[in-house]
Each structure stands twice: as structure tokens, then as C-alpha cells.
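Engineer: here is a sequence together with a model predicted from it:
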Number of protein chains: 2
Amino acid sequence: MSAAAELRLVALPGFAQVASGDDLAALTAQALSRGGLALRAGDVLVFAQKIISKAEGRRIDLAAVVPGAKATELAQSVHKDPRLVELILRESRRIVRFAKDVLIVEHRLGLIMANAGIDQSNVAEPAGGEFALLLPEDPDASAERLRERLHALTGCEAGIIISDSFGRPWRVGTVGVAIGCAGFPATLDLRGQKDLFGRPLRVTVVGHADEIASAASVLMGQGSEGRPVILVRGLATRAPAQPAAALMRPRQQDLFQ
Amino acid sequence: MSAAAELRLVALPGFAQVASGDDLAALTAQALSRGGLALRAGDVLVFAQKIISKAEGRRIDLAAVVPGAKATELAQSVHKDPRLVELILRESRRIVRFAKDVLIVEHRLGLIMANAGIDQSNVAEPAGGEFALLLPEDPDASAERLRERLHALTGCEAGIIISDSFGRPWRVGTVGVAIGCAGFPATLDLRGQKDLFGRPLRVTVVGHADEIASAASVLMGQGSEGRPVILVRGLATRAPAQPAAALMRPRQQDLFQ
């Protein structure tokens, strides 16, 4: 599916201090021209969830959150701030597993993830307040808006991926995954394709946007580098666009819920 | 941890027909010079598990496999060839889940994976025979041997990752993961590091080699392209080398077994 023999990933500068209401597409167009890069058809831009949430005003002041009885009780089991647990429960359909320091939920979007994706790191705290950052309301829609606005600004059809870092069962460490996707296929369905020797392929569906989110995550880093936007160039993906929602396995098809 | 602002991935040519006993390090050195690339310190080479297994003679003739009673019974439930199921059971510590078309086991190496990683695609079938390809005996040791031999051939210390494609609970599609690693840190431990605003990082351990295996997988493709070796250049990882075994979560620390 991907005929290119070379892939290039470039971190775009200038996103360290994104605030509510910022025009990320305009910031991206500026960062591209500062870097001497013109967007091309086939390029993909990977945005860290954090800056999408910041730009969309998803920052919550913990001082304004009153934990209910369920959150207060659960907070004791998982050793977390009851106000944070209250937010996690509000953002979730159900609790999947919990233990000391661990709270895995099904987010209202359908994502199985720790803490409903709510983040307290890299959230500015003016006047010493405590804030948390929720996921975007609808990351696929956020990606589509970014795609359209970048097209309007640059004349170019780029794919957009919104990435987050997820822990995983069975394996140590987080990896980048795609929680939003537009103008790009979230998965590649290889069913019916043959291998080098004409035998049907063992692997039939590839988590394409997840693999690209992981690739971008290597450059983004996790800490104070402030590199939340990565240009991916050289993909030769030929498949219809598909949102990141397609990466969520339906519960009845999952043996591990 | 990764200070570079740009990452380059290049598929190396010339690995379509790897056979038992082939010197992969020598083939890699040849492919690099054919591509006008000299290996540099800090480079990482990602090898698809399949060519490691082929070079190490891990191909099994299914005609020589006699399925036992357990394999024969299980084969009916999972709709697979009883001889293949026999091989899967021999390669496994235990069955984790099974259903029609699905057999998830704990491989003797500790990996939780489908079919014990046994592959029937892209395995040459002379004279119409049927063959299966087992994982390398010890992928971390395979990676270390490749690293040492490449060092001897090129004078350069490159990191080595051996990748495979794994399905995942909760998410659709396979992604590249690292099953072997040498001269490179399989995980990055960020505990104690601070974010942009001096707050402890939410993400504390990153599945670094898995993210790089996923990045390489985008270029490798799954089918007839025959691009099983990817050079990754531009990583600025500063951490001690650590084998891929570190990516396997101990069972007692896992809420999903």
C-alpha cells in the first residue's frame, strides 16, 4: 500500500504556548513557511492532542469541580485527586479496571484508556491554580476542521492525525495512537492481497494512523521540548480517507473486555 | 530525550529472498553501500522478524508435524490447520484466549500474541510443500549478534530492532512492535522529569522501540513489497541500551490477563 522507500518526519517549531481560541491551522502554515516547507499533497500533519484541547478551550479549573460520592470513594482506591476522578467519571461511559494509581475507563468516545485521557502536565497554571485538560469533544471533527482550514490557507490537501499516548495491556510503556483523523485512512484493509509467493496475507488490517502517530511521537517527546506538531512526508498511502473512530474495536468483537 | 527535530526512514533494497544461513549483517552492509548510505553512530536498523527467522532456519515443514489430541481439538474451535495449532502450542506457555479464527497465547518468550507469531505468508514453498515460520529462538540475542557483526563489518555502533506486527485489545489493526533490541533502549524512563511548567510528567515510561518499530512498519508494508530492513536516522536517544524483553509487562503487574 505504501510504495515510498523513504519517509521524513519534521518537527514544526512555534507551538509551545497554545491558548484557547488559537488558530492552529494558521500557526501551522506559519511554522511551515518559517521552516522553508511548503505543504504538499500526500503530506500528513500529526498534532498532539494536548494542543488541540488547549486551542479548543478544554482546560478545566479543578477548583470549580465538586466530586460526588462515587468519585470520592473511587479516588481513595486509585490514590488520585477526587476532583480529577470526578472529571474522569463525567468523561466516561464505564470503568474498565482500577487499582492503586491506575484507572482505565471507556471514554464517552469509545476509547479504552487511562484517566479518560485527562492530563495535568503541560497545562499552564496562572496564579498557582490547578487545571486539567480534557480530550477534544470530537477529535475526528477537530481533525476535519483543521484539514479544511489548512486547505483554505495553503491550497493543499494534507492528511491530519490527532495523537495521544496510550498505555497498553501486556506491554510496558506508552505509544502514540491516533484519536482523530481526517483526509487520511485510519486503517489499511489488505484483505484479498497476496504475499510474495501468492499466499493470502496473514495480517489483513493495519492500524495505519496509529503507526504514524507512534512515529510522530518519537519526535514529539513527552517533556519540555514543546514539539507537538510533526510533518510526515513520503507516505504513498492509496486508500479512502477514514476517521480514527474506525480504530476502535467494537466491544462484541473484543476478547479482552 | 529525543532532541532531534527531524527523523528519516529509508527502506534498504535487496532482502526479498533471504534463505537459511544468510549473513544478514553482510547483506545489510551491501544494501547500505548500494544505497550510497554509510552507517553512522546513532542510526537504528529495524529488521522484520520474518527475515531473521528465515536466516536462522526457523522454517518448519508442516508435513513433518503430527498434531496431538489437544491441538486437534483446539484446531476445530479456532478453525485452523491442526499441524499449525500443534506448532503454536509447542511454542507457547499457555493459551490466553481463543475463539473462531483467533488464538492468543503467551509465547515461551513471554510475548502475548496471536498464533505464537507463527507465519505462513511470505514463506517460499518449493515443490508445493507447506511451511510455517517460527519466531527466532531468542530475538534479543539475534539483535545483539547482528549488532556485533555490523560493527565488525562497518566499524559503526548502530542500534538494532527486530519488529513484528501485533494485533491489540480494544483497537482495530496491527502495529509494529519490537520483539528484539540491541545497542538501543527498548523503553525510555522519564520518571522524575518535568513538563514545560515544572509539573511531573503524566507519561513516565515510553515504549520507545515499539514506537520505532511502528514507524518502520509504515515503510515495510505487509505484502509483496519486500522491504524488511529500514534505516532510521536522526534519533537523539540518550539512554542505556536495554533489550526488548523490557517491553513485556510482568503478569502480576497486568490488569488484563
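Structural biologist: Thanks, I have it.
Engineer: now do the strands in the stretch 101-250 of chain A.
Structural biologist: Per DSSP state E, counting those that start in this stretch, the stretch 101-250 of chain A carries strands over the ranges A:102-107, A:112-114, A:131-133, A:159-166, A:175-182, A:188-189, A:205-206, A:229-233.
Engineer: export these to TSV and append columns for mean pLDDT.
Structural biologist: Formatted as TSV, these follow (pLDDT from 0 to 100):
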stretch	mean pLDDT
strand A:102-107	95
strand A:112-114	95
strand A:131-133	92
strand A:159-166	97
strand A:175-182	98
strand A:188-189	92
strand A:205-206	94
strand A:229-233	97
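Engineer: these: which one's closest to B:Met248?
Structural biologist: Comparison of the strands of the stretch 101-250 of chain A against B:Met248 by CB to CB identifies strand A:175-182 as nearest, at 14.4 Å. In this view, the C-beta of every residue, glycine as well, is placed from N, C-alpha and C.
Engineer: circling back: any chance of CSV for the strands of the stretch 101-250 of chain A, columns mean neighbour count and distance to B:Thr154?
Structural biologist: Shown next, in CSV, are the strands of the stretch 101-250 of chain A (neighbours: other CB atoms under 10 Å in any protein chain shown; distance: least, CB to CB, whole Å):
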stretch, mean neighbour count, distance to B:Thr154
strand A:102-107, 21, 44
strand A:112-114, 23, 42
strand A:131-133, 20, 46
strand A:159-166, 27, 34
strand A:175-182, 30, 30
strand A:188-189, 22, 34
strand A:205-206, 22, 32
strand A:229-233, 24, 28
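Engineer: of all those, which one comes closest to B:Ala63?
Structural biologist: strand A:205-206 (30.8 Å).
Engineer: same for the closest one, what does it pack against?
Structural biologist: Secondary-structure packing of strand A:205-206 (3 or more CB pairs under 8 Å, 6 or more residues apart in numbering or on different chains; DSSP states H and E): strand A:188-189.
Engineer: what comes up buried for the host helix or strand of A:Glu73?
Structural biologist: Counting by DSSP states H and E, the element that carries A:Glu73 is helix A:69-78. Neighbour counts over helix A:69-78 (16 or more other CB atoms under 10 Å in any protein chain shown) mark A:71, A:74-75, A:78 as buried.
Engineer: so what's A:Asp254 up against?
Structural biologist: B:169-170 (CB atoms under 8 Å, 6 or more residues apart in numbering or on different chains).
Engineer: closest to B:Pro250 among the buried residues of helix A:69-78?
Structural biologist: Once CB to CB is applied, the member of the buried residues of helix A:69-78 that ends up nearest B:Pro250 is A:Val78, at 20.3 Å.
Engineer: how about that closest one: what's its closest non-neighbour residue?
Structural biologist: Of all residues not flanking A:Val78 in the chain, A:Leu103 sits nearest, at 4.7 Å (CB to CB, 6 or more residues apart in numbering or on different chains).
Engineer: near A:Arg94, how many other residues are there?
Structural biologist: Other residues within reach of A:Arg94 by the criterion other CB atoms under 10 Å in any protein chain shown amount to 11.
Engineer: which residues touch the nearest residue to it once chain neighbours are set aside?
Structural biologist: Closest residue in space to A:Arg94, ignoring its immediate chain neighbours: A:Glu106 at 5.0 Å, by CB to CB, 6+ apart. For A:Glu106, the contacting residues are A:92-94, A:96, A:112, by CB under 8 Å, 6+ apart.
Engineer: next one: A:Ser20
Structural biologist: By CB under 8 Å, 6+ apart, A:Ser20 lies in contact with A:54-57, A:59.
Engineer: could you turn the buried ones of the residues you listed into a ChimeraX selection?
Structural biologist: Filtering the contacts of A:Ser20 down to the buried ones (16+ other CB under 10 Å) takes a single ChimeraX command:
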select /A:54,55,56,59
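Engineer: re earlier: pull the residues that contact the helix holding A:Glu73.
Structural biologist: A:67, A:81-86, A:88-89, A:95, A:98-103.
Engineer: count the residues that sit near the residue in the stretch 51-200 of chain A that chain B sits nearest to.
Structural biologist: Residue nearest to chain B within the stretch 51-200 of chain A (CB to the nearest CB): A:Gly173, separated by 3.1 Å. Using other CB under 10 Å, A:Gly173 has 24 other residues around it.
Engineer: right, I'll leave it there.
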